[in-house]
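*Asks:* dropping a prediction and its sequence here:
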Amino acid sequence: MLTIETVRTNRHLDEDQAARVVDLWNAAYPGMREILDTVIRAWREVGDDRVESLERVRRELGQMDRGTYRDCKRSAPVFIPSHSRSHLLAVLNVTSIGNPHAGSIHRLAAELADLTVARHERLGAETAARQQTSASAPAGAA
C-alpha cells in the first residue's frame, strides 16, 4: 500500500500533494490489479503478444505500490509521477470506460498529470530565471 513517506521520496512533492496521491492511488490500485490480471489471463489464452508488456506494467505498478520502484537499478527507490502516469495510461488503454474502476484510475491519472505539468513549469521558470540572471551579470563576473 502506497504511503505518504513513499511518495515523499520525490523531493518535489509536498505533504499535501503526497497525501492526495496516496488517497487516489489506494482507491485505484486494487482495480488496476484486477483489470491487469483479467486482461493478462485473457490475452494469454489467445496467445496475444502484448502479454509481456502488460506483465511489466503490472510488476512495476506493484513496485510503486510497495515503495520499491527504482528509476534505474542503482538508484534509491523513488516515486515519479510521470512514470506512474505512463503505467496508468497502459491500464486505461485496456479498460472499458464502463468498468467500475475506470473513474478512480482516471482521477489518479489526472492528478499525476497535473503534478507533472506543475513540475515542468517550475523547471522552466527556474531555467528562465537563471538565464536572465546570467544575461544581466556584468562581463567577467563569476
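*Replies:* Good, I have the coordinates.

*Asks:* what's the longest helix in the chain?
*Replies:* helix 102-136 (DSSP state H).

*Asks:* how about the helices in this structure?
*Replies:* Under DSSP H, the chain gives helices at 4-7, 15-46, 51-66, 81-93, 102-136.

*Asks:* so what secondary structure elements neighbour the last one?
*Replies:* In this case it means helix 102-136. helix 15-46, helix 81-93 (3 or more C-beta pairs under 8 Å, 6 or more residues apart in numbering; DSSP states H and E). Every C-beta, even on glycine, is put in place using the N, C-alpha and C of the backbone.

*Asks:* tell me the most buried of these?
*Replies:* Among the helices and strands packed on helix 102-136, ranked by average contacts under mean count of other C-beta atoms under 10 Å, first place goes to helix 81-93 (a mean of 19).

*Asks:* relative to helix 102-136, how tilted is it?
*Replies:* Angle, helix 81-93 to helix 102-136, by axes from the mean of the first three to the mean of the last three C-alpha atoms, to 10 degrees: 150 degrees.

*Asks:* need the CA coordinates for helix 81-93. PDB is fine.
*Replies:* The C-alpha trace of helix 81-93 is given here as PDB (Å, rounded to 0.1, in the frame of the first residue of the first chain):
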ATOM      1  CA  PRO A  81       4.500  11.000 -11.100                       C
ATOM      2  CA  SER A  82       5.300  10.900 -14.800                       C
ATOM      3  CA  HIS A  83       6.400   7.200 -14.700                       C
ATOM      4  CA  SER A  84       3.400   6.300 -12.600                       C
ATOM      5  CA  ARG A  85       1.100   8.100 -15.000                       C
ATOM      6  CA  SER A  86       2.500   6.300 -18.100                       C
ATOM      7  CA  HIS A  87       1.800   3.000 -16.400                       C
ATOM      8  CA  LEU A  88      -1.700   4.100 -15.600                       C
ATOM      9  CA  LEU A  89      -2.300   5.000 -19.200                       C
ATOM     10  CA  ALA A  90      -1.300   1.400 -20.200                       C
ATOM     11  CA  VAL A  91      -4.000   0.200 -17.800                       C
ATOM     12  CA  LEU A  92      -6.500   2.700 -19.100                       C
ATOM     13  CA  ASN A  93      -5.800   1.500 -22.700                       C
END
